[in-house]
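From the sequence below, what's the structure:
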Amino acid sequence: LLTVLQNILPSQLLSLLHSFYESLQDFLTPYSYFDIPEFNGYCAVDVNHLYRHVHLFLNSLNPSATCRRLSLSRSNSSSHISFTVAPNHTVVDTFDGHRLYWTHHVDAVQDSVDEKRSFTLKLPKRHRLSLLSTYLHHVTSRAEEFERVSRERRLFTNTGHGSYDSGWASVPFRHPSTFETLALEPDLKKQLTDDLKSFADGREFYHKIGRAWKRGYLLYGPPGSGKSSLIAAMANFLCYDVYDLELTNVSDNSELRALLIQTTNRSIIVIEDIDCSVELTGDRLSKTSRKVDRQKKRRNAVGDGDDNGRVTLSGLLNFTDGLWSCCGEERIIVFTTNYRDNVDPALVRCGRMDVHVSLGACGVHAFKALVANYLGVETHALYDVAESCIRSGGALTPAQVGEILLRNRRDTDLAIKAVISAMQAKILGADVVDFTEHGREHDEVGAKTPESIDRRLTDSPENWNSSPGRDGGKKRKEVSSWERRVKFLVRLKSLTKSDSQRRGM
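Next up, the predicted model:
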């Protein structure tokens, strides 16, 4: 019958009847329908970002619970499985006590291999005015959070061509460091995580107080204290990209600004060893002399002096806290240094470096965390001895403790004894033995017998450089290397004896 009517009735009348039927159906149905196409307009050029947000939102819902058919996919560089609603299938969602329906439409384009994709939202007609705006805001927020957590993070480094379209090169960021595996004291760990959470959730707060949404961290401490591992843990905690900025590869202040503009939101910009990257600390002190030199040079040539062609302290200050620092949002800037006193005070003041984190030797809790990570044990009979050594000034850096535990990880008792022996060597004034400097012939020996620990600490006394003890740098009484070894062996023997007595009990 429909075919006969289509052949008999004029096309204008058929179109009018079809419009009347749809209007009647819309009047009688209790639902309202909203289409969200993949592209805006008819040229299919302008991407509809709401479509992408809906796609991410449905992924965050795990639609397998309410949809009978899904398309699954996974990229080579990610372990996350992505869900896509199959064509003409529906996902049910609940919001504010109402059931809402998402239907995915995929239609073929005539005389083309392209497809026209869209989502249709069905919600109760009586509540559409109160539901639509709040629900779409909920969809967008949930989609952005899901994208932040699930997307592949990248590690960037500047290529030396910052003035071009892309001055950064990147690789996937897969550093395994987390706050759970970091060798930090519990109080410091909690302070850092709370501060990072507060920053990540502070969009409205920063806008209200009129500050750029950024935060600065200064990490300082001796080599091996875990500065780089902490940065990786921060990136994994916040799901941010990392931009490792090498200042020696930046030609001038203009390139520095260009690199800043090219960074994305939700990222951590890192400048390691800020006191060694370029000559910045002396800029302020030599300002007057540079002015004199520039005046002399202007008599013979046109230019802007010694600051031309290099990164200056002023340029770096503007980079961290100037007008150009607000060209993006949700950024963290991290400086690291081994010696905080060598950094210009203007770089580390509040507003530029808001949080100063001191990292050093392992405390008791940090030592136990390393042992738990490397050896898988929570308690041990020698913990009291190790704690006594730490409190007596024999604490080692996380890198030193980790290396000893790594090389002796097959024997828990031997590994902890080796760490304690190194702590005692430090108390006696000897440098902690760096096993990597003695060649590979020590790898197997050190993992087998306790006697090898004695040999490592006593075979090369010429490498034991005396260092200030706990008396605050006062000159210590000179002790011969032979007396040092005797004292150390007596302590080690008493340690082994006390350990055997505990096991006998």
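
ok, now how distant is residue 93 from residue 99?
Residue 93 sits 8 Å away from residue 99, taking CB to CB, to the nearest Å as the criterion. Any C-beta I mention is one placed from the backbone N, CA and C, and that applies to glycine too.

So the two - more neighbours on which side?
Neighbours were counted for residue 93 and for residue 99 using other CB atoms under 10 Å; residue 93 has more, 19 against 11.

Quick check: the more buried one touching residue 100?
Yes - with contact defined as CB atoms under 8 Å, residue 93 and residue 100 form a contacting pair (4.9 Å).

In this structure, which residue is most central in space?
Centroid check for the chain by CA atoms, centre = their mean gives residue 235 as the closest residue, at 0.9 Å.

That one falls within a helix, correct?
Yes - applying DSSP: H, G, I helix; E, B strand; the rest coil, one finds residue 235 inside a helix.

pLDDT score assigned to it?
With respect to pLDDT, residue 235 scores 95.

Show me which positions of the helix or strand containing residue 204 end up buried.
Using DSSP states H and E, residue 204 falls within helix 203-209. By 16 or more other CB atoms under 10 Å, the buried positions in helix 203-209 come out as residue 206.

Please name every helix or strand in contact with it.
Based on contacts counted as 3 or more CB pairs under 8 Å, 6 or more residues apart in numbering; DSSP states H and E, there is no element that helix 203-209 packs against.

And the residue nearest to residue 426 when sequence neighbours are not counted, how close does it get to residue 91?
Leaving aside its sequence neighbours, residue 426 sits nearest to residue 394 (CB to CB, 6 or more residues apart in numbering; 4.6 Å). Residue 394 sits 61 Å away from residue 91, going by CB to CB.

Equivalent analysis for residue 370, please.
Taking CB to CB, one finds residue 370 at 46 Å from residue 91.

give me phi/psi at residue 351?
Phi and psi for residue 351, reported as degrees, to the nearest 10, are phi 100, psi -30.

burial of it, as a residue count?
Quick note: residue 351 (other CB under 10 Å) scores 10 neighbours.

Buried residues, the helix or strand harbouring residue 94. List them.
Using DSSP H and E, the secondary-structure element containing residue 94 is strand 89-95. Buried residues in strand 89-95, counting neighbours by 16+ other CB under 10 Å, are found at 89-91, 93.

Could you dump the residues you listed into JSON lines with distance to residue 56 and pLDDT added?
Formatted as JSON lines, the buried residues of strand 89-95 follow (distance: CB to CB, whole Å; pLDDT from 0 to 100):
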{"residue": "89", "distance to residue 56": "18", "pLDDT": "85"}
{"residue": "90", "distance to residue 56": "18", "pLDDT": "87"}
{"residue": "91", "distance to residue 56": "13", "pLDDT": "88"}
{"residue": "93", "distance to residue 56": "14", "pLDDT": "89"}
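
Now do the same contact list for residue 200.
Shown in contact with residue 200 (CB atoms under 8 Å, 6 or more residues apart in numbering): 238, 330.

same thing but 6 Å
Residue 200 makes contact with residue 238, according to CB atoms under 6 Å, 6 or more residues apart in numbering.

ok, now how distant is it from residue 271?
Distance check for residue 200 against residue 271: by CB to CB, it reads 21 Å.

next one: residue 338
Distance of residue 338 to residue 271, computed by CB to CB: 14 Å.

Ok, residue 223 next?
17 Å.

first vs last residue of stretch 236-251, how far apart are they?
Using CA to CA, to the nearest Å, the end-to-end distance of stretch 236-251 comes to 31 Å.

Pick out the least confidently modelled helix or strand of this protein, by mean pLDDT.
In the chain, no helix or strand scores lower on mean pLDDT, DSSP states H and E than helix 441-446, which sits at a mean of 38.

sorry, back to before: chain center to the helix holding residue 204, what's the gap?
With CA atoms, centre = their mean, to the nearest Å as the basis, helix 203-209 stands 23 Å off its chain's centre.

start at 41 instead
Got it, first residue is 41 now, which makes that one helix 243-249.

after that helix, next one along is what?
Remark: after helix 243-249, the chain's next helix or strand is strand 254-260, criterion DSSP H and E.

name the element residue 55 belongs to?
Take DSSP H and E as the rule and residue 55 turns out to sit in helix 51-68.

So for that helix, mean pLDDT?
74.

again, but for stretch 145-165
On average, the pLDDT along stretch 145-165 is 83.

Repeat that for stretch 308-326.
What stretch 308-326 shows for mean pLDDT is 72.

Shouldn't residue 143 be within a strand?
Yes - membership of residue 143 in a strand is supported by three-state DSSP.

isn't it right next to residue 130, touching?
Yes - counting by CB atoms under 6 Å, residue 130 is a contact partner of residue 143 at 4.6 Å.

Quick check: which ranges of the stretch 191-340 of the chain have low pLDDT?
Residues of the stretch 191-340 of the chain meeting the criterion pLDDT under 70: 201-205, 317-340.

Spell out the residue ranges of the helices in it.
Applying DSSP state H, counting those that start in this stretch to the stretch 191-340 of the chain gives helices spanning 226-240, 243-249, 267-278, 293-302, 314-317, 321-325, 327-338.

Out of these, which one sits most buried?
The highest mean neighbour count among the helices of the stretch 191-340 of the chain, using mean count of other CB atoms under 10 Å, belongs to helix 267-278: a mean of 21.
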